[in-house]
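Novice: sequence below, structure please.
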Amino acid sequence: MNPHSIIIVSLHTPKEKLWGELLSINPAGITIRGIDLNSFDHFVNQINGPDQERTGLPTLFFPMNRVERIALDESSGSIPSLSEVFARKVGRPNIYLKNYAR
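Specialist: Numbers count the residues shown, from 1 in each chain. Model (predicted):
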């Protein structure tokens, strides 16, 4: 995993899945700018709404003892990645996600 990759992080205690941009990863933990997967559709709707300039992603740190798995956000056969879904719904290239991660 390289910084600025779009990833999906699975956490435990409590169980959570997050989607976002990897900022850093080290033995202490992982830092991302992202959202809970349960909020994905709401986030996209906010971007497409009238208050899009107020929409942003929080910077989050999780200690490594909570990290269960980190996966690149990649398409699988005919199933698009979340980045591709984001780009299609927002109508902008995948890299546009990073503009909302600041």
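Novice: helices or strands next to the lowest-mean-pLDDT helix or strand in the chain in the packing?
Specialist: Lowest on mean pLDDT, DSSP states H and E among the helices and strands of the chain sits helix 40-48, with a mean of 86. Secondary-structure packing of helix 40-48 (3 or more CB pairs under 8 Å, 6 or more residues apart in numbering; DSSP states H and E): helix 82-90. Just so you know, the C-beta spots here come from the backbone N, C-alpha and C atoms, and that holds for glycine as well.
Novice: and the angle for the helix it packs on with helix 40-48?
Specialist: Put simply, helix 82-90 runs at 40 degrees to helix 40-48, going by axes from the mean of the first three to the mean of the last three CA atoms, to 10 degrees.
Novice: list the buried ones in helix 82-90?
Specialist: Across helix 82-90, burial judged by 16 or more other CB atoms under 10 Å covers 82-83, 85-87, 90.
Novice: CA atoms only for it - export them in CSV, please.
Specialist: Taking C-alpha atoms only, helix 82-90 is exported to CSV below (Å, rounded to 0.1, in the frame of the first residue of the first chain):
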residue,chain,number,x,y,z
LEU,A,82,-16.1,2.2,-4.8
SER,A,83,-13.8,4.9,-6.4
GLU,A,84,-15.4,4.1,-9.8
VAL,A,85,-18.9,4.2,-8.2
PHE,A,86,-18.0,7.5,-6.6
ALA,A,87,-16.7,8.9,-9.9
ARG,A,88,-19.8,7.7,-11.8
LYS,A,89,-22.3,9.2,-9.3
VAL,A,90,-20.4,12.5,-8.9
